[in-house]
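**Q** show me how the following folds:
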Amino acid sequence: MRGALSLVRALAGPGSIAALDGASWTGMLTVARAEQLLGTLAHRLDGLPVPDSVAGILADAKRWAEHERRTALWEAEMARRALAPLQVSVVLLKGTAYAAAGLMAGQGRSIGDLDLLVPRDRLDAAEAALLANGWEWVKPDPYDDAYYRRWMHELPPLIHRERDRMADVHHTILPLTAQAKPDPAVLIANAVELGGGLSALSPEHMVVHAAAHLFADGDLAGGLRNLWDIDRLCREFADRQEDFYLSVVEEAFFLQLGPAVLRALRLTQALYGTPVPPYTSPLLIDPRWSRADRLFLRRLLARDDWGRAARPVTRAIFYARSHWLRMPPAMLARHLWTKWRRRDGA
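**A** Numbering: from 1, shown residues only. Got it, this is the predicted structure:
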């Protein structure tokens, strides 16, 4: 796992690359590519002396990241135009929001799908508007379609027929079956205007959402990138707002996501040196690790020095955990049985 550790160290302290040899560079770059952090790494190492063979790779990564940034912002503008007649609040999420707001978290970041949050009572209208403007459903399977609409936190994925870009239209930030049930109305009501009819989550809610996506929903795939987002967001907003961390944790508990956010803060501090101050009052923010944190760290660093997935048992545990968090046991059993029968029948 040396490549993953070298990547974490280079992001946290770019000067650490001075000690890398050829094999270490290979391991770090392959892990960075696999974790979708190559553009971020290129940004962090900008201006530092690197081997000639590495310089070309990083230059290409910077160009591609800039292309993705422009493409993501254009896609957001296209969605804004499609939804403008509805006069509906459109809140950008994740990478596109970071780029549109000009945040450090968006520097060099890989941006894939367009993620939007709209009020649930306007979801049907938003879907109709997007379909009328060139987006199409990705999942034609009736079971998958029904499952998304009944239980998930978003519409079935959409893709634009001409631009080949995916859009995920959310009405909340966790599946409806999840144990935590954050109120999306709070997120939308506190969103910050970006101009031109688009908004982003408030600073506190950006951190809460990133932590929820990682620790209260998924199997930690892409976890190093998500934790880097949290590190950048916390550093930037803490410089602007006194006691920002207290505000984040207060909002997290209000949205039923306190444990996920506290774990995110502990792990970002451990991996990237995020300057999270300890508090005992009015809230407890304890940077000391829990026993489970070491298992989470093991999963986050589970790549070999060729960027390949490693530690299959650990990955399987977190894959099972992600499903357990999403659904009650009986529902999970029915869902997995249905999916297995349909796949077996195909």
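**Q** just to confirm, which helix or strand has residue 194 in it?
**A** strand 192-195 (DSSP states H and E).
**Q** same question but for residue 322, I mixed them up
**A** helix 312-326.
**Q** ok, residue 233 next?
**A** Here residue 233, judged by DSSP H and E, is contained in helix 223-240.
**Q** mind listing the strands for the stretch 101-250 of the chain?
**A** Listed in chain order, the strands of the stretch 101-250 of the chain (DSSP state E, counting those that start in this stretch) span residues 114-117, 135-137, 158-160, 166-170, 192-195, 198-200.
**Q** can you tell me which of these is packed in deepest?
**A** strand 114-117 (a mean of 26; mean count of other CB atoms under 10 Å). Bear in mind the C-beta positions are built from the backbone N, C-alpha and C, glycine included.
**Q** mind listing the strands that strand pairs with, and their directions?
**A** Strand 114-117 sits in its sheet next to strand 91-92 (antiparallel), strand 166-170 (parallel), going by DSSP bridges.
**Q** who wins for proximity to residue 51 among those strands?
**A** strand 166-170 (35.5 Å; CB to CB).
**Q** distance from the closest one to the middle of the chain?
**A** 14 Å (CA atoms, centre = their mean, to the nearest Å).
**Q** quick one: mean pLDDT for it?
**A** If you average the pLDDT over strand 166-170, you get 94.
**Q** quick check: residue 309 touching residue 302?
**A** Yes. Here residue 309 reaches residue 302: they are 6.6 Å apart, a contact under CB atoms under 8 Å.
**Q** ok, these two, which is more surrounded?
**A** residue 302 (21 against 11; other CB atoms under 10 Å).
**Q** tell me the contacts of the closest residue in space to that one that isn't next to it in sequence?
**A** Sequence neighbours aside, residue 311 is the residue nearest to residue 302 in space, at 4.1 Å (criterion: CB to CB, 6 or more residues apart in numbering). Residues in contact with residue 311, defined by CB atoms under 8 Å, 6 or more residues apart in numbering, are 298, 299, 302.
**Q** next one, pLDDT for residue 311 please.
**A** 92.
**Q** same check on residue 292?
**A** Confidence score, pLDDT, at residue 292: 89.
**Q** for it, which three-state class applies?
**A** Under DSSP: H, G, I helix; E, B strand; the rest coil, residue 292 falls in the helix class.
**Q** count the neighbours of it for me.
**A** Number of residues near residue 292 (other CB under 10 Å) recorded here: 9.
**Q** so it versus residue 41, what's the distance?
**A** Distance, residue 292 to residue 41, using CB to CB, to the nearest Å: 28 Å.
**Q** wait, residue 233 sits on residue 205?
**A** No. Here residue 233 does not reach residue 205: they are 10.4 Å apart, not a contact under CB under 8 Å.
**Q** what about residue 85, distance to residue 23?
**A** In terms of CB to CB, residue 85 sits 57 Å off from residue 23.
**Q** my bad, residue 307
**A** For residue 307 relative to residue 23 (CB to CB), the value is 13 Å.
**Q** and residue 82, by the same measure?
**A** For residue 82, the distance to residue 23 - CB to CB - is 49 Å.
**Q** neighbour-wise, which of those two wins?
**A** Set side by side, residue 82 and residue 23 show more neighbours around residue 82, with 21 against 11, by other CB under 10 Å.
**Q** now that one, nearest residue through space, not along the chain?
**A** residue 133 (3.9 Å).
**Q** and if you look at residue 319?
**A** The nearest residue in space to residue 319 (CB to CB, 6+ apart) is residue 219, at 4.7 Å.
**Q** residues contacting the closest residue to residue 216 other than its chain neighbours?
**A** Leaving out its chain neighbours, the residue that sits closest to residue 216 by CB to CB, 6+ apart is residue 260, at 4.4 Å. For residue 260, the contact set (CB under 8 Å, 6+ apart) comprises 180, 211, 212, 214, 215, 216, 252.
**Q** least confident pick among the residues you listed?
**A** Out of these, that is residue 216, at 81.
**Q** isn't it up against residue 258?
**A** No. Counting by CB under 8 Å, residue 216 stays clear of residue 258, with 10.3 Å between them.
**Q** so for these two, which residue has more residues nearby?
**A** Neighbours were counted for residue 216 and for residue 258 using other CB under 10 Å; residue 216 has more, 25 against 18.
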